[in-house]
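A.B. asks: Predicted coordinates and the sequence they were generated for:
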Amino acid sequence: MASPLSNIFGGSFPDLVPVGSRPARQTGPMRQGSVGPEVATLQKQLAAAGFNPGPIDGMFGGGVRLALENFQKANGLPATGVADPATLAKLKGAKPAAQKPPEMLTGKMSSTAAEVASAAKTDVSKFKFEKLTPTGEKLMKASHWWMDQQRQYEFFPRARMCANNVSKVFSLVGLGKYQEEGVRALTAELKTLGAQNTRMPNDKAGFIKALNDSFKGSIPAGTVISGNSVNSSAPGMQHVGFIGHTDKDGVVWIYHNNWLRPGADGQRSAHMVSAEFLRDGFPRQWMATPWIQVQKDAGGKVVDVKSMLPKLDDMDPLNKEFFVNLSVPAEIVAELGGPPVPEVKPAPKPEVKPAPKPEVKPAPKPVEVKPATPVEVKPAMPVEVKPATPVEVKPATEAKPLVELNPVPANPAPIVPSVTAPVVAVP
């Protein structure tokens, strides 16, 4: 019967398992695919012994198997990845792992004396390296040691940490002067401190010519390789690592902090972040990756190159959107007969003169404040207020008009105009 989820989301889903029908308790030796409380106990025991199995979820996956194999190797048992009785007995009596030192929990790129000594013991004799110098050999040993140990250093298998990882490897061989968190900054520092720096053309003919002219057909192991965008200096458009070994087929491998690049079908391809790293929440992994295949003639001259992993776009020497820069550290240049390593004098410490002590004058003596003499205030003499004498006000006399006007008669006589008789002259 199809799951009800099929009706909601579409597609096919397995039947839901009722609560009361969980798998039966584990009876045989636990192995990958086992589930149950016994697996959870196994995970806790591995974690307590210092072998990280991933989350404590009662599911025996690839992370548990890898942790169990590492525990078996460390205790002289066959690395079967199966929790057989002998392994469980060893686990039961295992001493709790010591707490991780601070350098494993932070992004500190410097290395302790114990780390340097351990890295120096790494065996790389089964690999073939081009132009391997003493410094180059140390860097190759440290790089392979770091491949095995990086997972224990929680800060480094992360995004945008490629330069930090290269700096960590440098510190493992006593070259802590090369420590930068950015790709361009690290390349610039190498050049400033005497590295042979070559910007490689990104066309095949130019790249082959540069290999022959600048490196005589072989790039020294331990050379720092950086890929840079032609159009952008954004942090995500750069990458850096080391030139590593060359295999029997003429393929040059690089060592770097790689990331997951699924193919067109969405599946994981070879030479990508392992499932164990991803399961533990680490999206990056220091590893070896095939870079280019070099074909040479009988005289050792390069006649052809082939990019082995075009998906590694920023390191692809034939990608027109990027360019590859090769920096041979000054120590390797000197060991190959080049100029000696320039002496790096520490910057003189600026003389810090003590600030002059300010002159502290004693505070003036406080002014003596005498209490004010109290003033005697006599009470005011009362003033006798006599009532006012009332004023007699007489009524005003009726006023008479100043001009007496004759009244106008009711029927006034008409006014007859006077007529003047003309004057007649008498003869």
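C.D. replies: Nice, thanks for sending it over. Given the structure is predicted, the values throughout are model-derived calculations rather than measurements.
A.B. asks: neighbours of Met78, just the number please.
C.D. replies: That one is not Met; residue 78 is Pro. Neighbouring residues of Pro78 were enumerated by other Cβ atoms under 10 Å; the total is 12. From N, CA and C alone the C-beta is placed, and that goes for glycine too.
A.B. asks: My error: substitute Gly81 in the last question.
C.D. replies: For Gly81, the tally of surrounding residues (other Cβ under 10 Å) stands at 19.
A.B. asks: That one and Gly33 touch, don't they?
C.D. replies: No. With contact taken as Cβ atoms under 8 Å, Gly81 and Gly33 are classed as non-touching, separated by 11.3 Å.
A.B. asks: What residues sit buried inside the biggest strand by length in the chain?
C.D. replies: As assigned by DSSP state E, the longest strand anywhere in the chain is strand 284-296. Applying a neighbour-count criterion of 16 or more other Cβ atoms under 10 Å, the buried positions in strand 284-296 are Arg284, Gln285, Trp286, Met287, Ala288, Thr289, Pro290, Trp291, Ile292, Gln293, Val294.
A.B. asks: What is the nearest of those residues to Phe51?
C.D. replies: Phe51 has its nearest neighbour among the buried residues of strand 284-296 in Gln285, at 18.0 Å by Cβ to Cβ.
A.B. asks: List the residues that contact the closest one.
C.D. replies: For Gln285, the contact set (Cβ atoms under 8 Å, 6 or more residues apart in numbering) comprises Gln150, Arg151, Pro157, Asn257, Asn258, Trp259, Val273, Ser274, Phe277.
A.B. asks: Mind listing the strands the longest strand of the chain pairs with, and their directions?
C.D. replies: Based on DSSP bridges, the strands next to strand 284-296 in the sheet, each with its direction, are strand 251-259 (antiparallel), strand 302-307 (antiparallel).
A.B. asks: Of all the ones you listed, which one is nearest Glu368?
C.D. replies: Nearest to Glu368, of all the strands paired with strand 284-296, is strand 251-259, at 79.5 Å by Cβ to Cβ.
A.B. asks: how about the CA coordinates for the strand or helix carrying Ala142, as PDB?
C.D. replies: Following DSSP states H and E, the helix or strand that holds Ala142 is helix 134-149. Included here for helix 134-149 are C-alpha records, laid out as PDB according to Å, rounded to 0.1, in the frame of the first residue of the first chain:
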ATOM      1  CA  PRO A 134      64.600  18.900   1.100                       C
ATOM      2  CA  THR A 135      62.100  21.600   1.700                       C
ATOM      3  CA  GLY A 136      59.800  20.100  -0.900                       C
ATOM      4  CA  GLU A 137      60.000  16.700   0.700                       C
ATOM      5  CA  LYS A 138      59.000  18.200   4.100                       C
ATOM      6  CA  LEU A 139      56.100  20.000   2.500                       C
ATOM      7  CA  MET A 140      54.900  16.700   0.900                       C
ATOM      8  CA  LYS A 141      55.200  14.800   4.200                       C
ATOM      9  CA  ALA A 142      53.300  17.600   6.000                       C
ATOM     10  CA  SER A 143      50.600  17.600   3.200                       C
ATOM     11  CA  HIS A 144      50.000  13.800   3.500                       C
ATOM     12  CA  TRP A 145      50.000  14.100   7.300                       C
ATOM     13  CA  TRP A 146      47.400  16.800   7.100                       C
ATOM     14  CA  MET A 147      45.200  14.600   4.900                       C
ATOM     15  CA  ASP A 148      45.000  12.100   7.700                       C
ATOM     16  CA  GLN A 149      44.600  14.700  10.500                       C
END
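A.B. asks: Show me which positions of that helix end up buried.
C.D. replies: 135-146, 149.
A.B. asks: ditto for stretch 32-44
C.D. replies: By 16+ other Cβ under 10 Å, the buried positions in stretch 32-44 come out as Ser34, Val35, Gly36, Glu38, Val39, Ala40, Thr41, Leu42, Gln43.
A.B. asks: Wasn't the last one part of a strand?
C.D. replies: So the one you mean is Gln43. No. Using DSSP: H, G, I helix; E, B strand; the rest coil, the secondary structure at Gln43 is helix, not a strand.
A.B. asks: what sits against the spatially closest residue to Met315 that is not a sequence neighbour?
C.D. replies: Of all residues not flanking Met315 in the chain, Gly227 sits nearest, at 4.2 Å (Cβ to Cβ, 6 or more residues apart in numbering). By Cβ under 8 Å, 6+ apart, the contact set of Gly227 is Gln238, His239, Val240, Leu312, Asp313, Asp314, Met315, Asp316, Phe322, Phe323, Val324, Asn325.
A.B. asks: hang on, isn't Asn164 packed against Glu181?
C.D. replies: Yes. Because the distance of 5.7 Å satisfies Cβ under 8 Å, Asn164 is recorded as touching Glu181.
A.B. asks: Compare those two and say which is more crowded by neighbours.
C.D. replies: In this view Asn164 and Glu181 are compared by other Cβ under 10 Å, and Asn164 has more residues nearby, 21 against 15.
A.B. asks: can you list the weak-confidence ranges in the stretch 251-400 of the chain?
C.D. replies: Counting by pLDDT under 70, the stretch 251-400 of the chain has low-confidence residues at 261-268, 310-312, 344-349, 369, 375, 377, 379-380, 382-383, 385-400.
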